[in-house]
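Participant: Just the structure for this:
(2 chains)
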Amino acid sequence: MTPRRRRLALVVGVLAGVAIAGGLTLRALRANVMFFFDPSQVVSGEAPQDQRFRLGGMVEKGSVQRAPGSLEVNFVVTDFRHELPVRYTGVLPDLFREGQGVIAHGRIGANGVFVADEVLAKHDEKYMPPEVARALKKEAATAAGSPRAGS
Amino acid sequence: MLPELGQFALILALLLAALQAFFGIAGAHLRRDRWLAAVAPAVAGQFVMVATAIACLVTAFVSHDFSVRYVAENSNSALPLFYRVTALWGAHEGSLLLWIFLLASWTLAVAVGAARLPPRFGARVLGVLGVVSFGFLLFTLATSNPFLRLIPAAPDGRDLNPILQDPALAIHPPILYTGYVGFAVAFAFACAAMLEGRLDQAWARWTRPWTTSAWAFLTVGIALGSWWAYYELGWGGFWFWDPVENASFMPWLVGTALVHSLAVTDKRGLFKSWTLLLAILAFSLSLLGTFLVRSGVLVSVHSFAADPTRGIFILMFLIIMIGGSLTLYAWRAPLLRSSAGFELTARESFLLFNNILLVIAAAIVFGGTMAPLIADALGLPTLSVGLPYFNPTFLLPILPLLALLPVGLHAKWKKGRLEQEQRGILVTLAVALVLALAVAFGVFARAAILTLVGLTLGPWIILSSLLDPIDRWRRKLSVSRAVLGMTIAHIGIGLFVIGITVVQSFTQEHDVALGRGDTANVGGYEFRFEGVNGMEGPNYDGVRGSVVVTRHAAPVATLQPEKRRYWVQGTVTTEAAIKMNRGTNVLIALGDDLGAGRWSVRIQVRPLISLVWLAALIMAIGGAVAVSDRRYQPATRSATDAAPAGAAAKEGAG
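Facilitator: Okay, the predicted model is just below:
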């Protein structure tokens, strides 16, 4: 091989490698990202029925219930327009609190309960997940003046 | 008074940075050698000014000066002295000041070392560093001034975020930033080489110790962060692919590529343009990381501040630095001709593959980190990318990279004569495979394919790395520090692969509800819950649980996980209790009071997790040893010149 040809082969090889990596990355991204929905979107059927997604909103005041001594906990996530019951079994994060923002990963189970396998509440008292903040702002704008449901 | 003095010192530092940039770059360009003489004093002056500013802020923290807003927001009269000092970098403004201080320190070290470089080249390097420093000082003064007054003064401070009140976090940011900022030096050398049109092998040799030192610091910094997340965030995770973690990991991947590519440019005069691009890329990713963390576009555990003007400023700075350096590159590209050839199985090829695969890995991390932002900007549905994407995708380039390492180690420069080394390569592979099978089935009694792959690759890398040094030692030949350092770093990689494979394959974790006297069995250990008691610390109160851990009826430890409530912010934190037993970490974290006398408890048994951090430390030590090689110390004035880099790197390793 002449040096020129070899360089050409090298460039083609590198480009092919990058293209394959890029393709695989996109494929992996498509299969593995989770989308975010608020309770209103879930109630209106926009969320996938058979796939994991992120549910975000506020933990409704007075909704956290657990059978004494059990790891299973039930609570309601609200965007102040619609509510969605959530069930989770496990240790809740330190900042999980009623009236605070929360993000749950999981899927819709039987009779419309969101079964979470992971619950996130971030490390800041004032923290509200940006998606939740945006969703709440949107809701506030459309429902301005009307009394908030569920509070 | 002192805070005003600090601010004044920062303004002076800004002016000195401007002088340093101007005299360094313009002086060298216009060949005014008298201008060059002003560069080193400007560097020293800037260092003194920034150090003064830091001292002023530390004094404000130590003396509880709550009339300074930054102090009022991040300290409290009940905060212990140690954390009052480290609170300096507990939030945005102070971390930037730390960034600037470390840049000034690196610049000072370069200025001392630059005394042996050609004067104009050295001046250009310092000039480029002056530009970077100027940008960050301007950013601090314009958008993030830590010395702003609060009038009237707050009666007491709002306290440092409790999760930051921790010894590992006291040293994590300085070390991580030292690595981050260190890539500015490689960047400055690359820019200086392009400005001067001096694109021979010399600049690569001069750059190598600096780049390796920065890389070593970054390695230790990332490992410390992971260690901190493991025990302090409370839930036993050690790597979350969190955007901020990725922000430090991307420069590490590209920096690793740069360390290898510099070796080729230095030894063989090849990959010149690629090396320049990597130097630009590594520093750009450091800047991008700062942008991601500080602008508030990403919300994560680490990002305390969200301020759009800051974001725009850093974005502009990023565009100027990257755009400027790439323009410079385009202008100089015609000068970059490498004539030497090499065979497919020569060392150059393997290092080329190393570079391509590392850059692909960085691209994969980049894609996952940026995808949510891009989707957001395009108005697509909000999405998140996490472990399910990163873990499998990242392995695609990394597995071939690890498999090529034990082979490529034996390749010679220029000519591929791998046949002669075939025996050593195959024998080490066979030994590694036997070891893997023995460990997987002998110790853990099960194994997935990936477990076996990892357990084979790790020992193979270690054994293969040892072949050459052992051979030389037998023949009573000397082993240079550079080769020794490389060997140590590669052994670190091998240990890391073993550690991460075992951790990922054999970790056992359970959330359980336990009442007093209840027991749980996880990973061969028995846990008996003895209930909780109230307790009180210097600035918090809470409960402390007690769990007796036994293995095969033999006592291992009594662990006392805590749930703390910090008074000032009312924040609740989980303090996991951890015991290392024969290489396995047992972690217990206390969850919630479930009622009926029971508590939720997370129990996690992670074998060999400590090896992961230890391996990172070993890699960094390898870097430090390599930096101390005689090659980088010219015969004249050898002792003083390379000392700062070597000493600095050793500090990071320790």
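
Participant: From now on I want contacts and neighbour counts done on CA atoms only, so please keep to that.
Facilitator: OK.

Participant: for chain A, what spans make up the helices?
Facilitator: Assigned by DSSP state H, the helices in chain A fall at A:3-32, A:39-43, A:130-142.

Participant: And these, which one averages the lowest pLDDT?
Facilitator: Per-stretch mean pLDDT for these is lowest at helix A:130-142 (a mean of 61).

Participant: least trustworthy helix or strand in chain B by mean pLDDT?
Facilitator: Least confident helix or strand of chain B, by mean pLDDT, DSSP states H and E, is helix B:638-653 with a mean of 39.

Participant: How about the contacts made by B:Ala123?
Facilitator: Residues near B:Ala123 by C-alpha atoms under 8 Å, 6 or more residues apart in numbering or on different chains: B:23-25, B:27-28, B:36, B:39.

Participant: now whichever residue of chain A sits closest to chain B, nearest residue through space, not along the chain?
Facilitator: Among the residues of chain A, A:Phe35 lies closest to chain B, at 4.2 Å counting by C-alpha to the nearest C-alpha. In this structure, A:Phe35 finds its nearest non-sequential neighbour in B:Leu383, 4.2 Å apart by C-alpha to C-alpha, 6 or more residues apart in numbering or on different chains.

Participant: what about the residue nearest to B:Phe23 when sequence neighbours are not counted, how many neighbours?
Facilitator: Take B:Phe23 and drop its neighbours on the chain: the residue closest to it by C-alpha to C-alpha, 6+ apart is B:Trp35, 5.5 Å away. B:Trp35 has 19 neighbours, counted by other C-alpha atoms under 10 Å in any protein chain shown.

Participant: And for the one 4 residues further on?
Facilitator: Per other C-alpha under 10 Å, the neighbour tally for B:Val39 reads 28.

Participant: same question, the one 3 residues further on
Facilitator: Residues contacting B:Ala42 under the criterion other C-alpha under 10 Å number 24.

Participant: tell me the helices in the stretch 51-200 of chain B, going along the chain?
Facilitator: Remark: helices assigned in the stretch 51-200 of chain B by DSSP state H, counting those that start in this stretch are B:69-74, B:81-86, B:92-114, B:119-143, B:167-196.

Participant: In TSV, list those along with mean pLDDT.
Facilitator: Below are those laid out as TSV (pLDDT from 0 to 100):
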stretch	mean pLDDT
helix B:69-74	93
helix B:81-86	93
helix B:92-114	93
helix B:119-143	94
helix B:167-196	92
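
Participant: Could you provide these in JSON lines, with additional columns for distance to B:Thr573?
Facilitator: Converted to JSON lines, the helices of the stretch 51-200 of chain B look like this (distance: least, C-alpha to C-alpha, whole Å):
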{"stretch": "helix B:69-74", "distance to B:Thr573": "17"}
{"stretch": "helix B:81-86", "distance to B:Thr573": "17"}
{"stretch": "helix B:92-114", "distance to B:Thr573": "22"}
{"stretch": "helix B:119-143", "distance to B:Thr573": "31"}
{"stretch": "helix B:167-196", "distance to B:Thr573": "15"}
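
Participant: And the ones you listed: which comes nearest B:Ala13?
Facilitator: In terms of C-alpha to C-alpha, the element of these nearest to B:Ala13 is helix B:119-143, at 7.7 Å.

Participant: So which residue is dead centre in the chain?
Facilitator: Assuming you mean chain A. The geometric centre of chain A, computed from its C-alpha atoms, lies nearest to A:Arg54 (C-alpha atoms, centre = their mean), at 1.7 Å.

Participant: I was after chain B.
Facilitator: Centre-nearest of chain B using C-alpha atoms, centre = their mean is B:Leu218, 2.9 Å out.

Participant: contacting residues for that residue?
Facilitator: B:175-180, B:248, B:252.

Participant: about what we covered before: got the contact list for the residue nearest to B:Phe23?
Facilitator: By C-alpha under 8 Å, 6+ apart, the neighbours of B:Trp35 are B:23-24, B:27.

Participant: Show me the shaky parts of the stretch 251-400 of chain B.
Facilitator: Counting by pLDDT under 70, the ranges of the stretch 251-400 of chain B that qualify are B:294-308, B:338-340.

Participant: and the gap between the residue in the stretch 301-450 of chain B that chain A sits nearest to and B:Ile319?
Facilitator: At 4.2 Å from chain A, B:Leu383 is the closest residue in the stretch 301-450 of chain B, using C-alpha to the nearest C-alpha. B:Leu383 sits 26 Å away from B:Ile319, taking C-alpha to C-alpha, to the nearest Å as the criterion.

Participant: who's more crowded, these two?
Facilitator: Set side by side, B:Leu383 and B:Ile319 show more neighbours around B:Leu383, with 18 against 13, by other C-alpha under 10 Å.

Participant: Just to check, that one is in contact with B:Met370?
Facilitator: No - the criterion here is C-alpha atoms under 8 Å, and B:Leu383 misses it with B:Met370 at 10.9 Å.

Participant: what's near enough to touch the closest residue to A:Phe36 other than its chain neighbours?
Facilitator: Once flanking residues are discounted, A:Phe36 sits nearest to A:Arg54: 4.6 Å by C-alpha to C-alpha, 6+ apart. Contacts for A:Arg54 (C-alpha under 8 Å, 6+ apart) come out as A:34-37, A:103-106.

Participant: In PyMOL, how would I select the buried members of the residues you listed?
Facilitator: In PyMOL syntax, the buried subset of those is picked out as below (16 or more other C-alpha atoms under 10 Å in any protein chain shown):
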select buried, chain A and resi 34+35+36+37+103+104+105+106
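
Participant: Dump the contacts of A:Arg54 to a markdown table, plus pLDDT.
Facilitator: Listed next are the contacts of A:Arg54 as a markdown table, based on pLDDT from 0 to 100:
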| residue | pLDDT |
| --- | --- |
| A:Met34 | 83 |
| A:Phe35 | 85 |
| A:Phe36 | 84 |
| A:Phe37 | 88 |
| A:Ile103 | 85 |
| A:Ala104 | 90 |
| A:His105 | 89 |
| A:Gly106 | 91 |
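
Participant: Which of the contacts of A:Arg54 fall within strands?
Facilitator: Of the contacts of A:Arg54, the ones assigned to strands by DSSP state E are A:34-37, A:103-106.

Participant: Helices of the stretch 301-450 of chain B, residue ranges please.
Facilitator: Counting by DSSP H, counting those that start in this stretch, one finds helices in the stretch 301-450 of chain B at the ranges B:308-332, B:347-377, B:387-408, B:422-437, B:449-474.

Participant: right, and those helices - which one's nearest B:Trp106?
Facilitator: helix B:308-332 (18.6 Å).

Participant: got the buried residues for the closest one?
Facilitator: In helix B:308-332, counting by 16+ other C-alpha under 10 Å, buried: B:310-311, B:313-315, B:317-318, B:321-322, B:325-326, B:329, B:332.

Participant: can you put these in TSV and add distance to B:Asp629?
Facilitator: TSV is the format used below for these (distance: C-alpha to C-alpha, whole Å):
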residue	distance to B:Asp629
B:Arg310	42
B:Gly311	41
B:Phe313	41
B:Ile314	37
B:Leu315	39
B:Phe317	36
B:Leu318	34
B:Met321	32
B:Ile322	32
B:Ser325	30
B:Leu326	32
B:Tyr329	30
B:Arg332	31
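
Participant: Widest-spaced pair of the residues you listed?
Facilitator: Largest pairwise distance in the buried residues of helix B:308-332, by C-alpha to C-alpha, is 32.8 Å, between B:Arg310 and B:Arg332.
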